[in-house]
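Visitor: I need the structure of the sequence given here:
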Amino acid sequence: MDTFFSTRNIAIFLLLGVFSSMGIQFTGAQSIGVCYGSDGNNLPSKQDVVNLYKSNGIGRMRIYNPDEATLQALRGSNIEVILGVPNDSLQSLTNAGAATDWVNKYVKPYSDVKFKYIAVGNEVHPGDAGASSVLPAMQNIQSAISAANLQGQIKVSTAIDSSLIQNSYPPSNGAFTDNGYINPIITFLSNNGAPLLANIYPYFSYTGNTQSITLDYALFTQQGTNDAGYQNLFDALLDSMYAALEKVGASSVNIVVSESGWPSAGGTGATVDNAGTYYKNLINHVKGGTPKRPNGPIETYLFAMFDENLKPGAETERHFGLFNPDQSPKYQLTFN
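Guide: Model prediction:
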């Protein structure tokens, strides 16, 4: 054996041992994150939540508002973060000074938090009161991020849902429902090298059309492909969004799946078995790509860390948790 290489290898192993003792882990490309919603009165402390992410090897988190207790708990954790601007804050951030103040309060002081994206608004629809505020708020946050010299680290985007896509089957026919609303946003993303955040829920597509969509197709358990060449609904929904991006000349914009989940109770097909099957298969599936974009992995955030007993809306909304409030796992999942 060459002495140089043997000596170098010993040095590397020693170095890895030092890093390991410091709690630094070397991992492959991570594609899985988990959304952390906190609409509950029985949930663990913020620090316990961050510790739960770390102990389960979950390296990415999405939070929906700039809660400072959560940001404090994330310090030094090495967890990559999607930081949300709540919809009710959009209008105020159309003022450039307010956007600068927001970044100065919630981003700049936390230099030891690994912010990756800022999601300016969640599932804002063209007819919503806040729709006209999304783009100017994104532009102002971007300017404030650039002024803080963080534009190389943090990308500014917004999260949409599948209702902004029409003609989604076959996926190649996918198109945006309102180009006047979405096109300027897509142009902004393209100009800044930012991804589009998309909340993809086969569950809701399945329950909205059980006559045409089988449970196997929604749960990744279907054998063989359909007449459009798809084996699962997740890929079909995601590729319909990519088709819509192509139709507006934005094929270079990548999609990050900012939410995807399945409820364990409260509605059609909402069982612990189905939800566990969905999450397990989704984690495995996004290591690869889709028929339209085969080169994975697909950066994906599971919804959500806990059942949220105070969340408004349909009963299913309170049953998307991967963990129980006592931090015990609802399913046996291996993240990353």
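Visitor: Pull out the buried residues from stretch 318-332.
Guide: 318-323, 327, 330-331 (16 or more other C-beta atoms under 10 Å). Heads up, the C-betas are built off the backbone N, CA and C, glycines and all.
Visitor: number of nearby residues for the closest residue to residue 214 other than its chain neighbours?
Guide: Among residues not flanking residue 214 along the chain, residue 222 sits closest, at 6.7 Å (C-beta to C-beta, 6 or more residues apart in numbering). Using other C-beta atoms under 10 Å, residue 222 has 16 other residues around it.
Visitor: Equivalent analysis for residue 184, please.
Guide: Residue 184: 15 neighbours (other C-beta under 10 Å).
Visitor: Number the chain from 10, please
Guide: With the count now opening at 10, the last piece we talked about shows up as residue 193.
Visitor: which residue sits closest to it, ignoring its sequence neighbours?
Guide: By the measure of C-beta to C-beta, 6+ apart, the closest residue to residue 193 outside its immediate chain neighbours is residue 144, 5.3 Å from it.
Visitor: List the contacts of the closest residue to residue 188 other than its chain neighbours.
Guide: Once flanking residues are discounted, residue 188 sits nearest to residue 257: 6.5 Å by C-beta to C-beta, 6+ apart. Listed by C-beta atoms under 8 Å, 6 or more residues apart in numbering, the contact set of residue 257 reads 185, 188, 191-192, 195.
Visitor: can the residues you listed go into TSV with extra columns for distance to residue 166?
Guide: Shown next, in TSV, are the contacts of residue 257 (distance: C-beta to C-beta, whole Å):
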residue	distance to residue 166
185	16
188	18
191	12
192	15
195	10
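Visitor: now the helices for this protein?
Guide: Applying DSSP state H to the chain gives helices spanning 12-30, 55-64, 77-83, 105-115, 140-156, 188-201, 211-216, 224-227, 242-256, 281-294.
Visitor: For the fifth one, list every residue counted as buried.
Guide: Of the residues in helix 140-156, those buried by neighbour count under the rule 16+ other C-beta under 10 Å are 140, 142-154.
Visitor: Check which helices and strands it sits against.
Guide: Applying 3 or more C-beta pairs under 8 Å, 6 or more residues apart in numbering; DSSP states H and E, one finds that helix 140-156 contacts helix 105-115, strand 123-131, strand 164-170, helix 188-201.
Visitor: In its sheet, which strands sit next to the shortest one, and in what direction?
Guide: In the sheet, strand 164-170 lines up against strand 123-131 (parallel), strand 205-208 (parallel) (DSSP bridges).
Visitor: Can you say which of the ones you listed is nearest to residue 320?
Guide: With C-beta to C-beta as the measure, strand 123-131 is the member of the strands paired with strand 164-170 nearest residue 320 (13.5 Å).
Visitor: Per-residue pLDDT of residue 16, please?
Guide: With respect to pLDDT, residue 16 scores 37.
Visitor: And for residue 38?
Guide: For residue 38, the pLDDT comes out at 49.
Visitor: Tell me the pLDDT of the most centrally placed residue in the chain.
Guide: Among the residues of the chain, the one closest to the centroid is residue 267, at 2.2 Å (C-alpha atoms, centre = their mean). pLDDT recorded at residue 267 is 98.
Visitor: and it, how far is that from residue 225?
Guide: The gap separating residue 267 from residue 225 is 26 Å, by C-beta to C-beta, to the nearest Å.
Visitor: Now residue 197: closest residue in space, sequence neighbours ignored.
Guide: residue 147 (5.9 Å).
Visitor: so the one you found touches residue 164, yeah?
Guide: No: Residue 147 is not in contact with residue 164 according to C-beta atoms under 8 Å; the separation is 10.6 Å.
Visitor: Without its sequence neighbours, what residue ends up closest to residue 297?
Guide: residue 305 (4.3 Å).
Visitor: Please state the backbone phi and psi of that neighbour?
Guide: The phi/psi pair for residue 305 (degrees, to the nearest 10) reads phi -80, psi -170.
Visitor: And it, how close does it get to residue 161?
Guide: As for residue 305, its distance to residue 161 is 24 Å (criterion: C-beta to C-beta).
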